[in-house]
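>>> With the sequence up front, the predicted model follows.
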Amino acid sequence: MINDFNYLKPGTLEEAFAMYAEHDDCKVICGGQSLLIVMRQGMIAPEYLLDIKHIKELNYIKFDKKDGLKIGATTIHRAIEKSDVIKKNYPVLVAMENKLASIQVRNWGTIGGNIAHADPAGDPAPVLIALKASVKFGGAAGEKTMPLEDFFVDYFETALSKGELVLEIQVPVPEPKTGAAYQKFNLLESDMGVVAAAASVTLNGNGKCKDARIVLGNAGPTPRRIKRAEELLAGKVLNEKLFAEAGKIASEDCEPVADIHASEEHRRHILGVLTKRMLQKAFDEAKA
Amino acid sequence: MEKQLLRLTVNGQEYELYINPKTLLVEAIRDHIGLIGTKRGCDTVSCGACTVMIDGASVKSCSVLAMQAEGAQITTIEGLEKNGKLAPIQKAFLDHGSYQCGFCAPGMIMSAQALLNENPAPTEWEIREGIEGNICRCTGYNSIVRAIDATAKGKYAEVKS
Amino acid sequence: MNKYTVINPHSEFKVINTHVHNIDGTAKVTGRATYTFDVKLPNMLYGKILRSPHAHAKILKIDYSRAMELPGVMGVVTGKEDTLGIKQGIWRRYQDLCDEQVLPVDKVRYIGEPVAAVAAITEEIAEKALDYIDVDYEVLPGVYEPLDAIKKDAPEIHEGFERNINVTRHIEWGDVDAAFEEAEYVREDWFKCGGQAHMCMETRAAVSSYTPDGKLTIYHSNQSPYYMQGLMAGVLGMREGDIRVISTYVGGGFGGKFELDGAIFCSAVLSRKLFKPVKIVYTREEDFIATKRRTPMFYYVRTGVKKDGTFCAREAKVFTNGGAYTGMGATALYLTGFFHSFPYRWKGYRYDGYRVYTNTLPSTSMRGFGAPQAMFCSEQQIEWIAADLGLDPIDMRRKNSHHEGYEVPGQATIASCGIDQCYDEIRKWINDKGKLPANRAIGISACGFMSGGIFNWFDTPYSFSSAVVSINQDGTVELFVGAQEIGQGSNTTLAIICAETLGVKIEDIKVHSGDTDYCPPDLGAWGSRQTLMAGNAVKMAAEAAKKQLLEFAYAQSGFNIVYDLDIKDRWVHAIARPERGYDYGELVKKAIRGKDGQKIVGRGYYTPHRKGMISPAYSYMLQGVEVEVDEETGKIKLVDSMTAHDCGQPINHLGLIGQLEGAFSMAAGYGYLEYMPYEDGKLMNPNLVDYKMIRATEMPPANIAEIDTYEPEGPYGAKEAGEGLTNPTAAAIGNALFHRFGIQMKECPITPEMILNALKEKKETEKERKGKK
């Protein structure tokens, strides 16, 4: 049963900032696909609910070849999945969105809401971090931008301070010869990942690895970069053996938590397998 | 908590409701307006029995506050038939036996209709993805997939004389 | 997408096995179908149930005075104050198996068991009120697994049940030990089979209305309104005739909705106290934690065969997790043992089943009724034996299979059996596939199932099935049946039988079911009984009505009495001169006039006699499943399937396909997805996020080859379809893994982690073996 709350519906972003600053014990709802579930379970019972779903100023997908991709926080997942410009420049985002829950959820749930919810099993964050994305957030007191990987603090906790909203996701233009891949291991096609791995690989002109990123999902309190493995790959001529080694490091450098769906050991193993596979996939794409 | 006035447009009809803002869209539709064709089967946005269309797109009405649907065109299962004539997708469900107990059918049909609105010629896989948010315990889904496929291929289209 | 073929089809029918839409389809696809979930009565209150947080505890005191102070709360009921404390159960002929007080008086035995119920003017207030009911418990030690509960020093869950053994069942035929002596190869294995939730889309729901004249009307989502009427009369101390149960549309059953549940019982007790209608709808979580489930089992099987693959003897010992109460467990325990022998001939067969009480959710019947567990063990072991002996698994199965006329000693006589042709069809399907990709393999599994049980533990004095056919003056037909439509299409199937028999069109038939006030008693929808039993009753009723019509037709016609008259497609005619006839409606009008205005009414019933111990008829099937395996992650995906199936004469074409596809999806879920883990008696996944079910994207093609046989005991030759097919799939998946990797999956559902562990174990064993060399 959802506890009673007072409903606030700002018309503009400015109004939203003002209302959010004004009300203590206020929670923000956007698509609400996760929030309403935890509210129904009584885990969250705010006095005020600030609805920003309709704020048009935050509903956009913009791309240019200099600044890259900008996605407004209230953009629904389905819009990202269907965006031609994203499909062309960041196909991994489209593939990720296509497997995010069901169409109904993607039709109402938003990217900003997903990021702000900070579920470690969330799909977008690992991919976005692999793509070196940043997040813009702010409130009445001003805006700031930080790398998305620094935004997640703990289970369901972010760098957002009181009165601040997620405003925009920014993804730089991928360097030439870059590939990226994401896969989750789940029991059903569209299920939350038991664990997940994203990887990006950028190659030098000489074919060696210029830069690699490995980001694991649901392998700890926050999306987790496996820097030890990234360093292993940097500067090297990549091959299957290295990917397997990186996978091994990933399965060591994570802290997945066991539950009824998989033991910790099984999760570590799968994370290793996924890391290896995603690196290979990203590498193949970078070469192509 | 202050009750709020809400104007909700369902199946082309505007309803004026005075509700607790925590009211979910499915509750507004079923309990306040009285359109009980839309069902509920879980509390975790998992089963899809409550699927309706909001501005033509499928949404689980248990995952949306009624207040959030203000100004939108909501379509429920009751809104598909016109003057007693079933929509093609409804005819297809009948003809393929795409329901058994029928409890998932309203939500399933709304997902199917939304899919066809967006993608008039889906592949089999796209059809399956289009309804993967809907659980059916009875049919095993394949008869539903066949019905959507046949509808997309125009088998149940109204023939204009 | 799917292929459906019929082997040796019959075609003399006008309605049977034609493309008939479900007769309640229009209501269901337009949102008009009104389920108990949708029922709203004037002055209705909403009820909620307070549930035990403890797996095992004495209820010392319940104080609900604070709850009564909440505005909007109308009343609270407890077992001690408001019920007769009657221990009830569906096995009401056997007092010791009636062990469940739906609202317990002094002790709770599982987490989620009802403790008190409250009614309020809104559901929200009722829910809030639960927090204001204070219960003092004395927590008792709990026990959760049958092999723990059976120990000597285990906590006693029910008084007087030594070692918590609830029921035992023994089946034996032949000289088992001598038959084992004959065997040249003996293999034994232990298995573990999981539980499974019925997961009906409509959760348990009831609206009860007790009125000052002492009558009780209940809308309830169930599989047998007659059982509910009888059981409720028992627990409330009322007469059956004063209780009306209405179950027009039911959102799924699957074996979980023919016992009293908290919704029906608590709403009725509240309504009787408050004289207002009370509605209780379970949340999904309540439906998971506080209904019943498929029975988890520990299974020992020992099988002896000759080197040429001739089956000699088998013995099985089974310990099942009964949970807190008996439910339908006693029947399931027997059927597990019986179907474990299927579909094969054993010279000697012995089965000992022990159903053990634990402090967990009670287990009960669920689609397949104990057989899916039995087949998971049996059909894998048979595959392993074939491999051990280097024999072809299909040939070995075929050689030992049932056949027409076979008698399962002391248990059953097989009057129709199409399993032999099933082997051909599956062989063909496998051969047509040719070489499979390296990550795929096929597994097969055979089984059989019953067409209704010959059990009367409910102790009904009524026929097992009854029907009334009443013909209106315009020729339209009212068919009254006690059989219960729960989505399986029984109303349509029965309408088809009625239309075929009377010689009218399907649209002439209006079926009335799901209302004890108007429909004749019938045991309802369970054990695959309705097509055969209710079908026979309908056929008899329709024949009785038709006979009256034809008598009038004869009297009018002036035909020589050696001529036979008939009605087909509403056309009354002499069979020898079909072109000379007239409209059936005309005949009906005249016949009614001739009867001084009485409607034409026919009655029919069915009660099995001299049909053995179990069932009047048995269906047979063989399934092949093509499975793709990710060797590194253990993830499996079903990519294709074929079921060769013998259900006698198919009656309801669309319904049959739907039943087979649906049973397959449920069986596949049992095979690799649907697990119910408990920790200290607490279910760890009571929601649809964590309880995984097959969705459209998981479902492979479900091809069907229907072997059209004729079952003499069934209406028009029909027998079971749609429950039996829940049985083979888990084993077929296991067998595919066996063929792909040589691993033996002894626990279901088969999860990715189990597959990886089995692979690891196999590698280690091989290493060890090499090391020894």
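Yes, it's here.

>>> So residue A:183 belongs to a helix, correct?
No - looking at residue A:183 with DSSP: H, G, I helix; E, B strand; the rest coil, it is strand, so not inside a helix.

>>> tell me the centre residue of chain B?
Closest to where the C-alpha atoms of chain B average out (CA atoms, centre = their mean) is residue B:110, at 2.7 Å.

>>> quick one, what contacts that one?
B:51, B:52, B:53, B:58, B:75, B:76, B:77, B:80 (CB atoms under 8 Å, 6 or more residues apart in numbering or on different chains). Where C-beta positions appear, they are placed from N, C-alpha and C, glycine not excepted.

>>> Surely it forms part of a helix?
Yes - using three-state DSSP, the secondary structure at residue B:110 is a helix.

>>> Residue 43: what's it in contact with?
This is for chain A. The contact partners of residue A:43, taken as CB under 8 Å, 6+ apart, number zero.

>>> my question was about chain C
Neighbouring residues of residue C:43 by CB under 8 Å, 6+ apart: C:276, C:277.

>>> can you rerun that using 6 Å?
residue C:276 (CB atoms under 6 Å, 6 or more residues apart in numbering or on different chains).

>>> where does it fall, helix, sheet strand or coil?
Here residue C:43 is recorded as coil under three-state DSSP.

>>> count of residues packed around the closest residue to residue C:259 other than its chain neighbours?
Closest residue to residue C:259 in three dimensions, ignoring its sequence neighbours and counting by CB to CB, 6 or more residues apart in numbering or on different chains: residue C:90, at 5.1 Å. Neighbour count for residue C:90, taken as other CB atoms under 10 Å in any protein chain shown: 26.

>>> hmm, back to that, report pLDDT for the residue nearest to the centre of chain B.
pLDDT for residue B:110: 98.

>>> any idea how the chain splits into domains?
Reading this off chain A. A:6-51, A:56-171, A:178-287 (automatic domain parsing).

>>> if you could check chain B rather than the one you did, that'd help
If you go by automatic domain parsing, chain B breaks into B:4-79, B:88-152.

>>> Which secondary structure element is home to the closest residue to chain A within chain B?
Taking CB to the nearest CB, chain A has its nearest neighbour within chain B at residue B:133, 2.5 Å off. Using DSSP states H and E, residue B:133 sits in no helix or strand.

>>> just checking, it touches residue B:47?
No - using CB atoms under 6 Å, residue B:133 makes no contact with residue B:47, being 8.4 Å away.

>>> in the stretch 1-150 of chain A, what residue is nearest chain B?
For the stretch 1-150 of chain A, CB to the nearest CB, closest residue to chain B: residue A:102, 2.5 Å.

>>> show me the contacts for that residue.
For residue A:102, the contact set (CB under 6 Å, 6+ apart) comprises A:190, B:132, B:133.

>>> just to revisit the earlier point, per-residue confidence at the residue of chain B closest to chain A?
So residue B:133 comes in at 98 (pLDDT).

>>> Which residue is the nearest non-sequential neighbour of it?
residue A:102 is the one closest to residue B:133 (CB to CB, 6+ apart), at 2.5 Å.

>>> Ok, residue B:99 next?
residue B:105 (4.0 Å).

>>> quick one: that neighbour and residue B:96 touch, right?
No - using CB under 6 Å, residue B:105 makes no contact with residue B:96, being 11.9 Å away.

>>> who has more neighbours, those two?
residue B:105 (32 against 24).

>>> The more buried one: what's it in contact with?
B:99, C:28, C:29.

>>> Please report which of the residues you listed has the highest neighbour count.
Neighbour-wise, those (other CB under 10 Å) top out at residue C:29, 31 neighbours.

>>> gap between residue A:176 and residue A:89?
Relative to residue A:89, residue A:176 is positioned 12 Å away (CB to CB, to the nearest Å).

>>> More neighbours: which of these two?
Taking other CB under 10 Å, residue A:176 and residue A:89 do not tie; residue A:89 has more neighbours (17 against 10).

>>> Setting aside sequence neighbours, what's the nearest residue to the more buried one?
Residue A:89's closest residue in space is residue A:63 (CB to CB, 6+ apart), at 6.4 Å.

>>> pretty sure that neighbour contacts residue A:84?
No - assessed by CB under 6 Å, residue A:63 is found out of contact with residue A:84, at 9.8 Å.

>>> Any chance you could give me stretch C:164-178 in CSV, C-alpha atoms only?
Taking Å, rounded to 0.1, in the frame of the first residue of the first chain, the C-alpha atoms of stretch C:164-178 are listed here in CSV:
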residue,chain,number,x,y,z
ASN,C,164,5.5,-36.3,10.9
ILE,C,165,4.4,-38.8,8.3
ASN,C,166,1.1,-37.6,7.0
VAL,C,167,0.3,-40.3,4.5
THR,C,168,2.0,-43.3,3.0
ARG,C,169,1.1,-45.0,-0.2
HIS,C,170,2.2,-48.4,-1.4
ILE,C,171,1.8,-49.8,-4.8
GLU,C,172,3.0,-53.2,-5.8
TRP,C,173,2.5,-55.8,-8.4
GLY,C,174,4.3,-59.0,-9.5
ASP,C,175,7.1,-60.6,-7.7
VAL,C,176,9.4,-57.6,-7.6
ASP,C,177,12.4,-59.4,-6.0
ALA,C,178,12.2,-62.2,-8.5
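
>>> which helix in chain A runs the most residues?
What stands out as the longest helix in chain A, according to DSSP state H, is helix A:264-287.

>>> What part of chain C, helix or strand, is modelled with the least confidence?
Here the helix or strand of chain C ranked lowest by mean pLDDT, DSSP states H and E is strand C:4-7, holding a mean of 84.

>>> count of neighbours near the closest residue to residue A:27 other than its chain neighbours?
Sequence neighbours aside, residue A:46 is the residue nearest to residue A:27 in space, at 3.8 Å (criterion: CB to CB, 6+ apart). Number of residues near residue A:46 (other CB under 10 Å) recorded here: 18.

>>> Over to the one 4 residues further on?
Residues lying near residue A:50 (other CB under 10 Å) number 24.

>>> which SSE is it in?
Assigned by DSSP H and E, residue A:50 falls in strand A:48-51.

>>> what's the neighbour count on the residue in chain B that chain C sits nearest to?
Closest contact between chain B and chain C, by CB to the nearest CB, is at residue B:37 (2.1 Å). By the measure other CB under 10 Å, the count of residues near residue B:37 is 25.

>>> can you pull the contacts of it?
So residue B:37 contacts B:76, B:77, B:78, B:106, C:31 (CB under 6 Å, 6+ apart).

>>> Could you check how far the residue lying closest to it once chain neighbours are set aside is from chain A?
Spatial nearest neighbour of residue B:37, excluding adjacent residues (CB to CB, 6+ apart): residue C:31 at 2.1 Å. To chain A, residue C:31 is 18 Å away according to CB to the nearest CB, to the nearest Å.

>>> Neighbours of residue A:196, how many?
Neighbours of residue A:196 (other CB under 10 Å): 30.

>>> which residue packs closest to residue C:285, ignoring adjacent ones?
In this structure, residue C:285 finds its nearest non-sequential neighbour in residue C:686, 4.7 Å apart by CB to CB, 6+ apart.

>>> Please identify the helix or strand for the residue of the stretch 501-650 of chain C found nearest chain A.
The stretch 501-650 of chain C approaches chain A most closely through residue C:632 (4.6 Å), counting by CB to the nearest CB. Assessed by DSSP H and E, residue C:632 sits outside every helix and strand.

>>> how many neighbours does it have?
Residues near residue C:632, counting by other CB under 10 Å, number 16.

>>> now the one 4 residues further on
A count of nearby residues for residue C:636, using other CB under 10 Å, gives 22.

>>> Same question for residue A:88.
By the criterion of other CB under 10 Å, residue A:88 has 10 neighbours.

>>> With residue C:425 instead?
23.

>>> Surely it touches residue C:642?
No - when contacts are counted by CB under 6 Å, residue C:425 is not listed as touching residue C:642 (7.3 Å).
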